[in-house]
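Enquirer: How does the following fold in three dimensions:
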Amino acid sequence: VLGGPVRHLRAYAPSQVVPGEEFAILVRPEDEFCNLSCEFAGDLSVFERGREIHARAERVDRSTCMRLHLRLDDAGTYHLPASAAGLSSAVSSAFTVSHATASQLVLTSQPGPNAVAGIAFTNQPVVEIADDFGNRITEDSTSQVTAAGHDSAPGLEGTMTMTASNGLVTFTNLAFDVAT
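Expert: Model (predicted):
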């Protein structure tokens, strides 16, 4: 049975994706009865959170299906819409971009410029454990991070080593013991 004219698109995505690595979404043109249509030769666009993203299109051998090769860096759950002129959009099956391996510490909150010697900073440092793409490693509740002053800021005191909780390390009582 050959499909009739294209009425809509259907999109399939892998369930898990690694940030920064290319993956493919299969887009299948279908007739009104959900049969594979043999008539599709259009261009496709893919959107992520309202903006068009670059996707390299590849026609599947002996088919009108298309593979859209793309890359996402941000961890999260996605449903990517694909569209073509004159057809209803297809939304991919849900898939998750998980984080990559932890590779950096990101200071997300730092003490303000008006610290007073011997008094805990009003704004305590918060450090995020992240991958190369800035995705927080939310499963990390065991890593320990130690705060240290640098040469121009001696005299840091308080609880210097804290353990991560969901990829965040929050210091609670750091202060300088001398004015600089």
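Enquirer: could you say what helices and strands the longest strand that the chain contains packs with?
Expert: If you go by DSSP state E, the chain has its longest strand at strand 23-30. For strand 23-30, the packing partners by 3 or more C-beta pairs under 8 Å, 6 or more residues apart in numbering; DSSP states H and E come out as strand 8-12, strand 66-70. Using the backbone N, CA and C atoms, a C-beta is placed for each residue, glycine as well.
Enquirer: which stretches of the protein have low pLDDT?
Expert: Along the chain, the model assigns pLDDT under 70 to residues 1-2, 41-42, 151-154, 180.
Enquirer: before we move on, the earlier item: could you work out which of the helices and strands packed on strand 23-30 reaches nearest to Ala84?
Expert: strand 8-12 (6.4 Å; C-beta to C-beta).
Enquirer: same for that closest one, what does it pack against?
Expert: Contacts defined by 3+ C-beta pairs under 8 Å, 6+ apart place strand 8-12 against strand 23-30, strand 81-83, strand 90-91.
Enquirer: Let me have the helices and strands packed on strand 23-30 in a markdown table, adding mean neighbour count and distance to Ser141 as columns.
Expert: A markdown table is the format used below for the helices and strands packed on strand 23-30 (neighbours: other C-beta atoms under 10 Å; distance: least, C-beta to C-beta, whole Å):
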| stretch | mean neighbour count | distance to Ser141 |
| --- | --- | --- |
| strand 8-12 | 19 | 35 |
| strand 66-70 | 19 | 32 |
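Enquirer: Figure out which of those strands is closest to Asn173.
Expert: Across the helices and strands packed on strand 23-30, Asn173 has its closest neighbour in strand 66-70 (45.8 Å, C-beta to C-beta).
Enquirer: give me phi/psi at the residue sitting nearest the centre point of the chain?
Expert: What sits nearest the mean C-alpha location of the chain, by C-alpha atoms, centre = their mean, is Asp74, with 1.3 Å. Main-chain dihedrals, Asp74, degrees, to the nearest 10: phi -90, psi 130.
Enquirer: Please convert the helices and strands packed on strand 23-30 to JSON lines, extending it with distance to Asn173.
Expert: Output for the helices and strands packed on strand 23-30, formatted as JSON lines (distance: least, C-beta to C-beta, whole Å):
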{"stretch": "strand 8-12", "distance to Asn173": "51"}
{"stretch": "strand 66-70", "distance to Asn173": "46"}
